[in-house]
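Trainee: Sequence first, then the predicted structure:
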Amino acid sequence: MPRARILGIFACVISTVLLAVFGYYAYILNDAYSISNVQKIAAETYYAVAVPVGMVTIGILSTGFWVGMTILTIKVAPPMPEIVEKKDNSKFKAFLLCLVTAALAGLFIYGVIQQYYLAIAIPATVITLVLLGMVFWVGVAIITARSTLYKEK
Amino acid sequence: MKICLMSYRGNPYCGGQGIYLMYLARELVRLGHEVHAIVGPPYPFPIEGVTYHYVSNHNYFNVKDFVKPDKPFATFKPLNFYEYVASRFGIFPEIETFSIRAYEKLKELSRTHTFDIIHDNQCLGYGFLLIKKLGIPFISTIHHPLSIDRTTWFEYPSSFYLKMKRVLYYPLLMQRFVSKRMDLIVTVSHDSAREITKAFGVPLSKQRVVYNGMDSEIFYPMNGKYHKKEKNSLIFVGNVEDRKKGVMYLLKALTLTRNDVNLTIVDGGAPNRNFVPRWIDKFGLNDKITFTGKITMDRLISLYSKTQIALSPSLYEGFGFPAAEAMACELPVIAASGGALPEVIGEHMKTGYLVPPRDPQALADAIDFLIENPKLREKMGKEARKRVLHTFTWENAGREMEAVYREAIDAHS
């Protein structure tokens, strides 16, 4: 069997297994609808939700940190003095961005280890709001778009 | 050979990559190969013997009115939705999504075509890792690493927000990851090859340098009474908003020249042009500079013929088409020694005039020197054309590319 096909099957099997594991721990092990106190759910159930949320959160925070670090460390020739109109404080802002993203990442990891509900609820809310906001934006664009084609089309 | 070229933007008017695709495809057809091209919008003009396969996109990055009346829900397709979301965060997703769509197109084409080689034109998206699994030799041309565009952008004062946008815009991590996994990398100058090694970690042994060509049938010196050289005339061709073109240094140089000069800027009518005009005002150069906006090729060649000196003050060029075009039109070119320009210009004071990059005084001195030495100017222009005719032809590029293809195919089998 060609290597590409094997990798394809591997990817399908892994993703299906992960989906099943997620579904089991998030919704079956504890009845998701009857959870009234997060402390009462199994640790596996908590992590089933925390791991995917955490991956996205850490991905976003790492990107922010990387952006800050790039601005902070990039080495470039100084600009012509004539075109410098005001003091460039972007390195300071980049440092702040690194600091804030690192602090948030630390806080998030601590929260997840302690199994705080808010540690996953806040990032999940932000991610959901961004995605729903995007969908809403597309919806508005569809509603306000031209409803007919131009004649020449 | 049955060759599949790929370019995420195919039109020659959208930049160097479109020009490259057009001439390379034409030359490969002339050499007797069967040439297909998978292209993204804006699409290229048809070329005899080349079969185009179109890969569309919604251009979310540039278009605000993105909903098409006939396909209102197209944005909700996964790839489109990703492109849409990424573009709203300042990321340039076109390269990545093109690579995935090109994979789908290639899979579809593989039912009816058996390609000997696939040749990408500076895309290097993650989708290429899937294309590699098709088992066809796969090479890519990198004109220059985009890290240079990012670095030169950072040389100019700008806000933190703009810098953040620039960092997110360039897909450098992806291109670094993918370029190391290609069978071979083709690049257009030795300087560019060194930069690719530095930026992407691709060893020189995995790179082949094939110089671009120049269409000397299109770019030639026009003579006659309608093309008399205008006194103290200069020309700059390029996108003025592209920071690596070094336009600010040119503007400063114009304030330092002894001679009263007139500069014509041919920049394709950049829609977001705002940086340079502001500085033209501040330097008090309004009466010395004319913007032509977007012009036809005939008009450009006519302009070259009426101008005394061409300028290419770039901080970096992977090759430098405008410098080679001007040389083909027998114009002496004053170029900064940034990137590959010395390779294109050739010998200083013989086939062109080289100055250090970021040095307005040297640029001003060079302008004055050539204005005050008309005989040398004329001689330099003639030598420049000779160099272009000898070194930078698409015939050479086609033949050398053919050899690279054979090498990649042999190594693969």
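Mentor: Alright, I've got the coordinates.
Trainee: going forward, measure contacts and count neighbours with C-alpha atoms only.
Mentor: Will do.
Trainee: pLDDT score for the closest residue to chain B within chain A?
Mentor: Of all residues in chain A, A:Ser90 sits closest to chain B, at 4.7 Å by C-alpha to the nearest C-alpha. Listed pLDDT for A:Ser90 reads 90.
Trainee: how many other residues sit next to it?
Mentor: As a burial measure, A:Ser90 scores 20 neighbours (other C-alpha atoms under 10 Å in any protein chain shown).
Trainee: Minimum distance to chain A, which residue of chain B gives it?
Mentor: B:Phe160 (4.7 Å).
Trainee: what's near enough to touch that residue?
Mentor: B:Phe160 makes contact with A:89-90, A:93-94, according to C-alpha atoms under 8 Å, 6 or more residues apart in numbering or on different chains.
Trainee: coming back round to it: hang on, isn't the residue of chain A closest to chain B packed against B:Phe154?
Mentor: No: with contact defined as C-alpha atoms under 8 Å, A:Ser90 does not reach B:Phe154; the gap is 10.7 Å.
Trainee: Would you tell me whether stretch A:69-79 gets close to chain B?
Mentor: Yes: remark: stretch A:69-79 sits within contact range of chain B at A:70-71, A:74-79, by C-alpha under 8 Å from any C-alpha of the partner chain.
Trainee: Now the buried members of the residues you listed.
Mentor: With burial judged by 16 or more other C-alpha atoms under 10 Å in any protein chain shown, the buried subset of these is A:70-71, A:79.
Trainee: Save those residues as a markdown table, and put in pLDDT and secondary structure too.
Mentor: Formatted as a markdown table, those follow (pLDDT from 0 to 100; DSSP: H, G, I helix; E, B strand; the rest coil):
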| residue | pLDDT | secondary structure |
| --- | --- | --- |
| A:Thr70 | 95 | helix |
| A:Ile71 | 94 | helix |
| A:Pro79 | 85 | coil |
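Trainee: And the strands in chain A?
Mentor: Assigned by DSSP state E, the strands in chain A number zero.
Trainee: okay, and for it, where does confidence drop off?
Mentor: A:1-5, A:7-8, A:26-27, A:30-39, A:145-153 (pLDDT under 70).
Trainee: Name the residue closest to the centre of it, please.
Mentor: Nearest to the geometric centre of chain A sits A:Val56, at 3.1 Å (C-alpha atoms, centre = their mean).
Trainee: Name all residues that make contact with that one.
Mentor: By C-alpha under 8 Å, 6+ apart, the contact set of A:Val56 is empty.
Trainee: on that earlier part again, ok, for the residue of chain A closest to chain B, nearest residue in space, not its chain neighbours?
Mentor: B:Phe160 (4.7 Å; C-alpha to C-alpha, 6 or more residues apart in numbering or on different chains).
Trainee: Tell me where the stretch 1-150 of chain B has strands.
Mentor: Counting by DSSP state E, counting those that start in this stretch, the stretch 1-150 of chain B has strands at residues B:2-7, B:34-39, B:50-54, B:117-121, B:138-142.
Trainee: Mean pLDDT added to the ones you listed, as CSV?
Mentor: Formatted as CSV, the strands of the stretch 1-150 of chain B follow (pLDDT from 0 to 100):
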stretch, mean pLDDT
strand B:2-7, 95
strand B:34-39, 95
strand B:50-54, 95
strand B:117-121, 96
strand B:138-142, 96
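Trainee: how about TSV for those strands, with distance to chain A and mean neighbour count added?
Mentor: Below are those laid out as TSV (distance: least, C-alpha to the nearest C-alpha, whole Å; neighbours: other C-alpha atoms under 10 Å in any protein chain shown):
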stretch	distance to chain A	mean neighbour count
strand B:2-7	21	22
strand B:34-39	22	22
strand B:50-54	18	18
strand B:117-121	18	22
strand B:138-142	16	24
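Trainee: Pop out the phi and psi values for the residue nearest to B:Phe154 when sequence neighbours are not counted.
Mentor: Once flanking residues are discounted, B:Phe154 sits nearest to A:Val76: 6.7 Å by C-alpha to C-alpha, 6+ apart. Main-chain dihedrals, A:Val76, degrees, to the nearest 10: phi -140, psi 160.
Trainee: Is A:Val76 in contact with B:Glu155, as I believe?
Mentor: Yes: between A:Val76 and B:Glu155 there is a contact under C-alpha under 8 Å: 5.7 Å.
Trainee: Which residues of the stretch 201-350 of chain B lie near chain A?
Mentor: Counting by C-alpha under 8 Å from any C-alpha, the stretch 201-350 of chain B sits next to chain A at B:Tyr249.
Trainee: pLDDT weak spots in the stretch 201-350 of chain B?
Mentor: In the stretch 201-350 of chain B, residues with pLDDT under 70: B:225-226, B:269-273.
Trainee: where exactly do the strands run in it?
Mentor: Using DSSP E, counting those that start in this stretch, strands in the stretch 201-350 of chain B cover B:207-209, B:233-237, B:262-266, B:289-291, B:309-312, B:333-336.
Trainee: residue contacts, B:Ala340?
Mentor: B:189-192, B:316-320.
Trainee: quick one: it from B:Gly318, how far?
Mentor: 5 Å (C-alpha to C-alpha, to the nearest Å).
Trainee: Between those two, which contacts overlap?
Mentor: Joint contacts of B:Ala340 and B:Gly318 (C-alpha under 8 Å, 6+ apart) are B:189, B:191-192.
Trainee: and B:Ile100, what pLDDT?
Mentor: 95.
Trainee: Nearest residue to it in space, ignoring adjacent ones along the chain?
Mentor: Using C-alpha to C-alpha, 6+ apart, the nearest residue to B:Ile100 is B:Gly127, at 4.2 Å.
Trainee: Near that neighbour, how many other residues are there?
Mentor: 20.
Trainee: right, and it touches B:Glu94 too?
Mentor: No: assessed by C-alpha under 8 Å, B:Gly127 is found out of contact with B:Glu94, at 11.7 Å.
Trainee: which residues of chain A fall in helices?
Mentor: A:3-23, A:43-73, A:90-113, A:117-144 (DSSP state H).
Trainee: which stretch among these comes nearest B:Gly224?
Mentor: Smallest distance to B:Gly224 across the helices of chain A (C-alpha to C-alpha): 53.4 Å, for helix A:43-73.
Trainee: for that closest one, which positions count as buried?
Mentor: Those would be A:44-50, A:53-54, A:57-58, A:61-62, A:64-72, for helix A:43-73 by 16+ other C-alpha under 10 Å.
Trainee: so how far is B:Ala408 from B:Ser99?
Mentor: 21 Å.
Trainee: higher neighbour count, those two?
Mentor: B:Ser99 (25 against 19).
Trainee: Quick one: residues contacting the more buried one.
Mentor: B:8, B:123-128.
Trainee: Kindly reformat these as TSV and extend each row with pLDDT.
Mentor: Compiled in TSV, the contacts of B:Ser99 are given as follows (pLDDT from 0 to 100):
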residue	pLDDT
B:Tyr8	91
B:Cys123	93
B:Leu124	94
B:Gly125	95
B:Tyr126	95
B:Gly127	95
B:Phe128	95
